[in-house]
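Q: Need coordinates for the below:
(chains A and B)
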2 protein chains.
Amino acid sequence: MSSGAPFRVGLLGHGTVGSAFHELIEQRADAIEAEVGRRPEVSGVLTRSRGDFDDILERSDLIVEVMGGIDPAFDYVMRALKSGRHVVTANKQLLSQHGDELQAAATGGGAQLRYEAAVAGVVPAIRVIRESLAGAHIERVHGIVNGTTNFILTAMARTGASYDDALREAQELGYAETDPTEDVTGKDAAAKMAILARLAFGARVRLDDVPYEGIEHVTADDIAYARELGLSLKLIGSAERIDGGISVMVYPAFLYAGHPLAPVSGSFNAVTVESPAITEITLSGPGAGGSQTASAVLGDVVSAMAPPTTQVSQPADLPIVSDVESAFYLYVEVADRPGVLAQVAEILGLQGISIKSVVQRGIGDDARLVMVMHPILESKFRAAVDMIERLDFVRSKPRAIHVIEEVFE
Amino acid sequence: MSSGAPFRVGLLGHGTVGSAFHELIEQRADAIEAEVGRRPEVSGVLTRSRGDFDDILERSDLIVEVMGGIDPAFDYVMRALKSGRHVVTANKQLLSQHGDELQAAATGGGAQLRYEAAVAGVVPAIRVIRESLAGAHIERVHGIVNGTTNFILTAMARTGASYDDALREAQELGYAETDPTEDVTGKDAAAKMAILARLAFGARVRLDDVPYEGIEHVTADDIAYARELGLSLKLIGSAERIDGGISVMVYPAFLYAGHPLAPVSGSFNAVTVESPAITEITLSGPGAGGSQTASAVLGDVVSAMAPPTTQVSQPADLPIVSDVESAFYLYVEVADRPGVLAQVAEILGLQGISIKSVVQRGIGDDARLVMVMHPILESKFRAAVDMIERLDFVRSKPRAIHVIEEVFE
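A: Below you'll find the model as predicted:
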């Protein structure tokens, strides 16, 4: 794909997210150029102490706004949109209070306004509602859109800790700020739900329209009692159509085990969208963090860069690797006599296979070994199984099944 | 937003998905016109017995291909793309065997090729990989991309049923076809993983490159033993970068409880994408069904219609409803004496509130009631709580927390 002129990105704000974004876009510039035919470059950076907005605007095709707050961000973003520059922002205050004016400015200026990073970290709720479900009638959006509170509630449920202790742990680990008010009162989640509701229902919804209730008064007792009833506690943002209008609220809520948001734990965020045609879609992933938010911002920048006809570039010729490492479960029916496990273990050992757990079951004609192995090259494991199958005390073909070990969390 | 000319959609195939799509696009035409400024209309339908492809192509801006199979779908889609018509297809065979040629034809003709519905039902894996993660280096994609096998494995785990019995149940309920071979052998999942891997890694991957293993030989014993080790069994499609190449495979695998795909049950599909910058994103929702697939196709059609600057239309003035129905948990510290529960229950009853469950805990100064109510208007519930708070045996302010009852599955 031929290269065009560089795509110039003006960056407003250079804190945690801004600097992570700056690093990420430079690191990914080659790959993005290969994909969409233009190379992104940062044309200017505005911080409290350096840079001039007018100068940066002049030299940019797109403005990334990660400075936060209303003033002067609102003025800058409005001017950028009116002048036809696309804007990518992670600023939930701005969008939840001035979404309509910003959208009108974007339409007037023929510019794109994108804000995936403002809502749910890397969870692509905005894109899915705006694009995948463009043809669907959305009935309801439920979200866990604040990672701090989900971390605190998960810690309380796991350890029986009090709210105060769990909050302190969250602060020590960097999941809560020194002043956690915006998060724990539900105000942060309310701003995000205003943005989601506006998009899902095409309706005027501002932060002031969203009543919110936080988690400050939740006790370890509540969580323990509700757990006996099969319920888990989350801070839920809820937006739904009801009686010809809409309801948008944030409140702590108990969820039954079958609810798609019930398994979402720690600082993760998740959003469930319900529509008659699709039943429901659930999206989950890490809540905001510097590099995660930067990645969501970059996704929006690339979307704004790429004309819609540009898709997968010339495919690369990556070799297909067929022999990979994997952990395995192995089930062997054996004769019930001494030394059986030792012989099986010796064969595994000769192939360099280490046993993670083993259970012997049954007696006599019903004896069997159930084992889980640590990861090993599949060819070595298959060779061991062939040898085990030929042992005289093995009564039927051994059954092997992959085991996937979770790397994250 | 002003209206342009109608956007003409030629429909190839009118089976379950085709007819559901036809119905859905007519039902949503007004809303889509309001959103993107053009009204979609079906300009022609091709079935085995009616319609002429050349005639339909001539009268269409975009072709929806839901006929399935390679011949004549491949020829039709190639001709549409070369002539500059966008194509939306749900045809996994076609894409997994001829993805490169199709993409080259799209690029050559300046047309879009979209295929969200080919991979994971309503789960927007293609869009998220292509767009949200355009700036990310994807390391691994894990998916449950076949609803039939996940339904069977879930049934086996829940009831201890044999593979044959669970398959029969799936067939009776319409989750498996009379000839389930493509699904249970893993071939269907392999085609989908070839499509996902090609997109995630920008690499040439075809169905023939993907080794697959099915679930036909899994026994109820395996599932039961592994459960004791905290493992659940899924048919996993795996695509990852490894040793400078890639590995793409389909196999049954045990997952530990912490794995994001472990809670995915029944006929649901899910895809987890891992990248250093974002950690991981998981998307889940119903696997293919007529209306779900049609909805995914329509999402692609709307994306192809809309120029990227067109976003939220003029917002509607939907009233904000503040008093909504909800279920509640209520915790009341009470004096330990007879008649306490009766008086609380009477107040609830007077407000029309029905109690779902109640537990009395503790004795003496430690006595308390823990209740869960059926859904009721929030105003009525709050009125009851105010009255309960004023009862002389209530020792502190009652604590009320929402309860969300899962509607689906």
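Q: can you pull the pLDDT of the residue of the stretch 51-200 of chain A found nearest chain B?
A: The nearest approach of the stretch 51-200 of chain A to chain B comes at residue A:135, 3.3 Å away (CB to the nearest CB). Backbone N, C-alpha and C define where each C-beta goes, glycine included. What the model reports as pLDDT for residue A:135 is 75.
Q: does it sit in a helix, a strand or a coil?
A: coil (DSSP: H, G, I helix; E, B strand; the rest coil).
Q: Identify the residues contacting it.
A: B:24-25, B:28, B:32, B:295, B:298-299, B:301-302 (CB atoms under 8 Å, 6 or more residues apart in numbering or on different chains).
Q: quick check, nearest of those residues to residue B:140?
A: Checking the contacts of residue A:135 against residue B:140 by CB to CB gives residue B:299 as the nearest, at 25.4 Å.
Q: Surely the closest one is in contact with residue A:129?
A: No. When contacts are counted by CB atoms under 8 Å, residue B:299 is not listed as touching residue A:129 (10.5 Å).
Q: Could you pull out the helices in the stretch 151-300 of chain A for me?
A: Per DSSP state H, counting those that start in this stretch, the stretch 151-300 of chain A carries helices over the ranges A:163-172, A:181-184, A:187-201, A:220-228, A:290-305.
Q: which one of the ones you listed has the lowest average pLDDT?
A: Taking the mean pLDDT of those, helix A:220-228 comes last: a mean of 85.
Q: buried residues in that helix?
A: Neighbour-count burial for helix A:220-228, counted by 16 or more other CB atoms under 10 Å in any protein chain shown, picks out A:220-223, A:225-226.
Q: Output those of these also counted as contacts of chain B.
A: A:221-222, A:225-226 (CB under 8 Å from any CB of the partner chain).
Q: which residue packs closest to the residue most central in space within chain A, ignoring adjacent ones?
A: Geometric centre of chain A, nearest residue: residue A:285, 2.0 Å, by CA atoms, centre = their mean. The shortest distance from residue A:285 to any non-neighbouring residue, by CB to CB, 6 or more residues apart in numbering or on different chains, is to residue B:281 (4.0 Å).
Q: which bits of the stretch 51-200 of chain A sit near chain B?
A: A:100, A:103, A:106-107, A:110-113, A:116, A:122-124, A:127-128, A:130-137, A:142, A:198-199.
Q: Could you chop chain A up by domain?
A: Following automatic domain parsing, one gets these domains for chain A: A:7-118, A:125-287, A:325-403.
Q: Straight-line length of the first one, end to end?
A: The reference is to domain A:7-118. From its first residue to its last, domain A:7-118 covers 23 Å (CA to CA, to the nearest Å).
Q: per-residue confidence averaged over it?
A: Domain A:7-118 comes out at a mean pLDDT of 94.
Q: next one: that domain to chain centre, how far?
A: 22 Å (CA atoms, centre = their mean, to the nearest Å).
Q: and if you look at the last one?
A: Relative to the centre of its chain, domain A:325-403 is centred 38 Å away, using CA atoms, centre = their mean.
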